[in-house]
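S.K.: For reference, the sequence and a predicted model appear below.
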Amino acid sequence: MKSADPAHVITAARSWLGTPYHDQASLRGVGCDCLGLARGVWRDVVGPEPFPIPPYSRDWGETGPREVLADGTRRMMTELHRSEAGPGALILFRMMPRAIAKHVGILTGPDSFLHAYERLGVIEEPLTPAWRRRIAFAFLFPAL
């Protein structure tokens, strides 16, 4: 599967900057959560979403035997080792030890990423060591 141009992914992601946080929404300028941001970038870069997203919990400490978000992402995107992720990659974060990955961001540079964060909305910020060590999975958006 051919990967989307990272510059196109980053431009699409940055067009969401300032969008307010709204749980389980995905409407640029109106509201989104982290997954909604990724869904919106998918629509901008790839096209229509391939399947509906079922409701999901906001619990970053959720545990379980299955990485639901990562498993679903594998159905649509190319996975790469997290150490190989570069600008334009979708990254999934494990926010608590032993929890499943529940937070999503998009790398915008070697040391920066964009994500939707409660109370802050869609922001771009440094990929600090604290964020970097939480990366659990990385994926590439497919080309059209």
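M.R.: Yep, it's here. Everything numeric here is computed off the predicted structure, so don't read it as measured data. Residues are numbered from 1 along each chain as shown.
S.K.: Just the helices from the chain, written as ranges.
M.R.: 6-14, 34-45, 68-74, 129-132 (DSSP state H).
S.K.: got TSV for these, with mean neighbour count, mean pLDDT and distance to Asp111 too?
M.R.: C-beta: built from backbone N, CA, C; applies to glycine. Formatted as TSV, the helices of the chain follow (neighbours: other Cβ atoms under 10 Å; pLDDT from 0 to 100; distance: least, Cβ to Cβ, whole Å):
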stretch	mean neighbour count	mean pLDDT	distance to Asp111
helix 6-14	18	98	14
helix 34-45	22	97	19
helix 68-74	16	93	23
helix 129-132	12	97	9
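S.K.: As JSON lines, those with distance to Leu144 would be great.
M.R.: Shown next, in JSON lines, are the helices of the chain (distance: least, Cβ to Cβ, whole Å):
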{"stretch": "helix 6-14", "distance to Leu144": "10"}
{"stretch": "helix 34-45", "distance to Leu144": "8"}
{"stretch": "helix 68-74", "distance to Leu144": "18"}
{"stretch": "helix 129-132", "distance to Leu144": "30"}
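S.K.: who wins for proximity to Asp23 among those?
M.R.: Asp23 lies closest to helix 34-45 among these, at 8.6 Å (Cβ to Cβ).
S.K.: tell me how far the worst-scoring helix or strand of the chain on mean pLDDT is from the chain's mean position?
M.R.: Ranked by mean pLDDT, DSSP states H and E, the weakest helix or strand in the chain is helix 68-74, scoring a mean of 93. In this view, helix 68-74 has its centroid 11 Å away from the chain centroid, taken as Cα atoms, centre = their mean, to the nearest Å.
S.K.: For His22, which of the helices of the chain is the nearest?
M.R.: His22 lies closest to helix 34-45 among the helices of the chain, at 7.6 Å (Cβ to Cβ).
S.K.: ok, back up a step: kindly state which of the helices of the chain is positioned closest to Ala99.
M.R.: helix 68-74 (11.4 Å).
S.K.: what packs against the closest one?
M.R.: If you count contacts as 3 or more Cβ pairs under 8 Å, 6 or more residues apart in numbering; DSSP states H and E, helix 68-74 packs onto strand 90-93, strand 135-140.
S.K.: Dump the shortest one to PDB, keeping only the CA atoms.
M.R.: In this case it means strand 90-93. The C-alpha coordinates for strand 90-93 follow below in PDB (Å, rounded to 0.1, in the frame of the first residue of the first chain):
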ATOM      1  CA  LEU A  90      -0.500   8.700  13.000                       C
ATOM      2  CA  ILE A  91       0.700   7.700  16.500                       C
ATOM      3  CA  LEU A  92      -1.300   6.000  19.300                       C
ATOM      4  CA  PHE A  93      -0.400   6.700  22.900                       C
END
